[in-house]
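Undergrad: what's the 3D shape of this:
(2 chains)
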There are 2 protein chains.
Amino acid sequence: MRQSRLFTKTRREAPADEVSKNAILLTRAGFINKEMAGVYSYLPLGWRVIQNLKRVIAEEMEKLGSREILMSTLQNKGVWEKTDRWDDERVDVWFKSKLKNDTEIGFGWSHEEPIAEMMKSHVKSYNDLPVSVHQFQNKLRNEVRAKSGIMRCREFIMKDMYFFAETEAENLSFYESAIAAYSKVFDRVGLGNITYVTSASGGMFTDKFSHEFQTLCDAGEDYIYVNTERRLALNEEVWNEKTVSELGLKESDFEKKSAVEVGNIFNFGTKKSEDLGLIIQNQSGEKQSVHLSSYGIGVSRLMGTIVEVLSDEKGMIWPKEVAPFRVHLIFLGHDGVLKELADKIYNAMLSENIEVLYDDRDLRAGEKFADADLIGIPTRVVIGGKTVESKMLEVKDRGSDDVLMMTLEHLIEKLNSSTSFDKVQDKSLGTRSY
Amino acid sequence: MRQSRLFTKTRREAPADEVSKNAILLTRAGFINKEMAGVYSYLPLGWRVIQNLKRVIAEEMEKLGSREILMSTLQNKGVWEKTDRWDDERVDVWFKSKLKNDTEIGFGWSHEEPIAEMMKSHVKSYNDLPVSVHQFQNKLRNEVRAKSGIMRCREFIMKDMYFFAETEAENLSFYESAIAAYSKVFDRVGLGNITYVTSASGGMFTDKFSHEFQTLCDAGEDYIYVNTERRLALNEEVWNEKTVSELGLKESDFEKKSAVEVGNIFNFGTKKSEDLGLIIQNQSGEKQSVHLSSYGIGVSRLMGTIVEVLSDEKGMIWPKEVAPFRVHLIFLGHDGVLKELADKIYNAMLSENIEVLYDDRDLRAGEKFADADLIGIPTRVVIGGKTVESKMLEVKDRGSDDVLMMTLEHLIEKLNSSTSFDKVQDKSLGTRSY
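TA: Below is the predicted model:
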């Protein structure tokens, strides 16, 4: 994409009405637009990040055999009354309104109930199970206070997945697979080393239990207790002497840290199915309620978390899999011949399917570099006066100060080989190769 | 995808509460689930169709240079008051609710206002224009009566695009390009020959004018006046002697037909920008309001329209570009060796990136064929007793009665070459080649 045709503009100053780092950087870089407190729109660069996060998550959920669907935002009161979750006294984040004929409706803040209700039309016997479905849905929650930028919103993008099984064993086994898939997701989006599977309630063998995925982050609203060595974490709810001793540890073996909940998984057992009447005939020919577990990832919150933990004083630093573009190609100067060369290199990258943002604007080098640092695309490639004589491009990773000189062919080869671009950061390889 | 792991079930009977053909077929085939009147969820097969429609539309919009974004559902009252479209007397489809602090909010039924408002932060000068943005958004409209299945809903998926320009000439020129892009979309989704660009108001040279894309369809809620020979159409609003004579035709040259509005485009001129204060500095250094035009396609309505016009008494007939899968592979019988062969063929197709639904279920041939006809995947491939000896697959297009025998290699070759699979329907070629 030519940056001259990307309509969003960067700003030097933080917006007056934002305090969180993620909202400040994302707004300054033109990734998001605030519609009201806790409600943001996604502009082209921000939407590309969301699409990449969705792609990574979808790939890992599909590996679990889950199928993508899309449930409605408008919610049927009757379905939620069955589980006693319609009443505002029971669930305090509902947005509600009325149809023209005065029928009360709600706006989806979660989807266990309608999904389980829908399954009643399709799942009648053990033969129809197990089933997993997931969706990427805009949830609406009437939060008293929206804060932390896109990390706690009144409208946000969530991946929610629901697993239906005949037996507790199947449910547990999927639960374990989902933990592994979630870990893979957080690895791929660059948060693996600081994200903990955190026990959140009950033990593994009670009917109802849950885990959270908590990413260490100063801006997080939660506290977790972490044992770094064994990569164990407990949330405040289960933090007590008993749990700790069950793990063969002492309270002093844990450190209290700020964290943000980027994912959660929850085993409902058969409770939800009992309330909703999701009954099947099991292998023994008897009627039974279906086991249900649910699996959430806050997609927009994940984007905010990445900004919070992977940024520096100059701006954002996107991991490759989620970056809005893979390469930021920057043309310096005013020379027509050089501009033609830059256009050629841009087109060569496009024809190699490299996602590239091409800064073809008529601005000073300092402004372009400041914008590139703020936007945070992983690899910066500069075309300047030196390029013509040396036939070398100046290549720098956003997270590193090392500048490498290489030919276009070498750059494309490095970008296309999935294993190797990190090695370009390795100076010894860099200087040996070029 | 293995059909045994696709949880949705087909049904022989029409749902009692549906009268429209699209809702009946889509429900019977397990593509959609009704949440309440005018509100549907999309199950795996239906969601794949929506994703394909979105892909086709996105590709054509991106060719126009448009950038994808996502605006919020929650709407700020203040923005809509500026154009006098907040009041229920003025716009009668608003869903509204309140934040905890009693601030009134709306739920997005359209997005001209917030998009133009957002542009004020980014577009200041003629240098920043032209700009086009588009989104795929769930619109919420409090319709008095929801009918026609997914063709008129209280919640529906829409592609809306907005173009911002300095001059009327640029605006008109984009408007013309968008008409061409829309025609391409309707061609690709199989409705090209029955979809008319329909004049809807004003003439081409008034400040405000609009066009609709109307697909001939008995279930449509609109009437249009069509001159088939010149591929001209007028909607009821502009159907009068004066317009007709301006076209050099008589009223008797037109036929009145039922149609459904699958797309619309509208030129606001500078009116909306004046109301919202979207002002730029133009090339002469003067302040001026921005020209705005908007471009909608009802994505879920388009899906419903395809079902209405491309179906027969057995079920749906999906065009290739939008079908949930390209091939429906059907295994017949109970023989273990044959099943192994079927699995192999399934895996061979997957490794060639052919999207295939594999009916590996333990059901009678008649049930499998009835399901295949109902679901409507373009190409049916049968693996039965004859396959082992002849090494030939039985291949049939959903829209044709001709059955062709061919090897797997030939089938894959035909499916992979973009031009040729239609030719397989040509019997003479079929019999010559195999």
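Undergrad: residue boundaries of the helices in the stretch 301-434 of chain A?
TA: Applying DSSP state H, counting those that start in this stretch to the stretch 301-434 of chain A gives helices spanning A:336-351, A:365-375, A:385-390, A:408-416, A:421-424, A:427-433.
Undergrad: Tell me which of those helices lies nearest to residue B:124.
TA: Nearest to residue B:124 among these is helix A:365-375; the distance by CB to CB comes to 16.1 Å. All C-beta atoms are positioned from the backbone trio N, CA, C, and that covers glycine.
Undergrad: circling back: now render the helices of the stretch 301-434 of chain A as CSV, adding distance to residue B:72.
TA: What follows is those, written out as CSV (distance: least, CB to CB, whole Å):
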stretch, distance to residue B:72
helix A:336-351, 32
helix A:365-375, 22
helix A:385-390, 43
helix A:408-416, 35
helix A:421-424, 36
helix A:427-433, 44
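Undergrad: closest one to residue B:252 among these?
TA: Among the helices of the stretch 301-434 of chain A, if distance is taken as CB to CB, the winner is helix A:336-351, at 53.3 Å.
Undergrad: measure residue A:290 to residue B:39 for me?
TA: From residue A:290 over to residue B:39 the distance is 24 Å, taken as CB to CB, to the nearest Å.
Undergrad: can you check residue A:274 too?
TA: Plainly put, residue A:274 is 26 Å away from residue B:39 if you go by CB to CB.
Undergrad: Near chain B, which residues of the stretch 51-200 of chain A are found?
TA: Contact residues, the stretch 51-200 of chain A versus chain B (CB under 8 Å from any CB of the partner chain): A:65, A:67-76, A:95-97, A:99-100, A:103, A:105, A:107, A:114, A:118-119, A:121-123, A:128, A:131, A:133, A:138, A:140, A:142-144, A:154-155.
Undergrad: Give me the subset of these that lies in strands.
TA: Using DSSP state E, the members of these that fall within strands are A:67-68, A:74-76, A:95-97, A:105, A:107, A:131, A:133, A:138, A:140, A:155.
Undergrad: Export stretch A:337-347 to CSV, keeping only CA atoms.
TA: What follows is stretch A:337-347, C-alpha atoms only, in CSV (Å, rounded to 0.1, in the frame of the first residue of the first chain):
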residue,chain,number,x,y,z
VAL,A,337,15.3,8.4,-11.1
LEU,A,338,15.6,7.2,-7.6
LYS,A,339,11.8,7.4,-7.2
GLU,A,340,11.5,5.2,-10.3
LEU,A,341,13.9,2.7,-8.7
ALA,A,342,11.8,2.8,-5.5
ASP,A,343,8.6,2.2,-7.4
LYS,A,344,10.3,-0.8,-9.1
ILE,A,345,11.4,-2.3,-5.8
TYR,A,346,7.9,-1.7,-4.4
ASN,A,347,6.3,-3.6,-7.4
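Undergrad: picking up where we left off before, show the buried residues in the residues of the stretch 51-200 of chain A next to chain B.
TA: Applying 16 or more other CB atoms under 10 Å in any protein chain shown to those, the neighbour count classes A:67-76, A:95-97, A:99, A:105, A:107, A:114, A:118-119, A:121-123, A:128, A:131, A:133, A:138, A:140, A:142-143, A:154-155 as buried.
Undergrad: Out of the helices of the stretch 301-434 of chain A, which is closest to residue B:243?
TA: Proximity of the helices of the stretch 301-434 of chain A to residue B:243 was assessed by CB to CB; the nearest stretch is helix A:336-351, lying at 45.4 Å.
Undergrad: Give the residue farthest from the middle of chain A.
TA: Among the C-alpha atoms of chain A, the one most distant from their mean position (CA atoms, centre = their mean) is that of residue A:389, at 43.2 Å.
Undergrad: For that residue, give its distance to residue A:403.
TA: With distances defined as CB to CB, the gap from residue A:389 to residue A:403 amounts to 17 Å.
Undergrad: again, but for residue A:361
TA: Counting by CB to CB, the gap from residue A:361 to residue A:403 is 22 Å.
Undergrad: These two: which is more packed in?
TA: Legend: neighbour count by other CB atoms under 10 Å in any protein chain shown for residue A:361 and residue A:403, higher for residue A:361 (16 against 12).
Undergrad: which residue sits closest to that one in space, ignoring its chain neighbours?
TA: Ranked by CB to CB, 6 or more residues apart in numbering or on different chains and with sequence neighbours excluded, the top spatial neighbour of residue A:361 is residue A:4, at 5.1 Å.
Undergrad: Report the contact partners of the residue lying closest to residue A:393 once chain neighbours are set aside.
TA: On the basis of CB to CB, 6+ apart, the spatially nearest residue to residue A:393 that is not a chain neighbour turns out to be residue A:381, at 5.2 Å. When contacts are counted by CB atoms under 8 Å, 6 or more residues apart in numbering or on different chains, residue A:381 touches A:327, A:328, A:329, A:330, A:345, A:393, A:394, A:395, A:411.
Undergrad: Tally up the residues packed near the last one, please.
TA: One way to gauge burial is a neighbour count; for residue A:411, by other CB under 10 Å, it gives 25.
Undergrad: Next: the fifth one.
TA: With neighbours defined by other CB under 10 Å, the count for residue A:345 comes to 21.
Undergrad: Can you tell me how far the nearest residue to it once chain neighbours are set aside is from chain B?
TA: The shortest distance from residue A:345 to any non-neighbouring residue, by CB to CB, 6+ apart, is to residue A:408 (5.9 Å). Separation of residue A:408 from chain B (CB to the nearest CB, to the nearest Å) stands at 25 Å.
Undergrad: can you check residue A:322 too?
TA: When CB to the nearest CB is applied, the distance between residue A:322 and chain B equals 16 Å.
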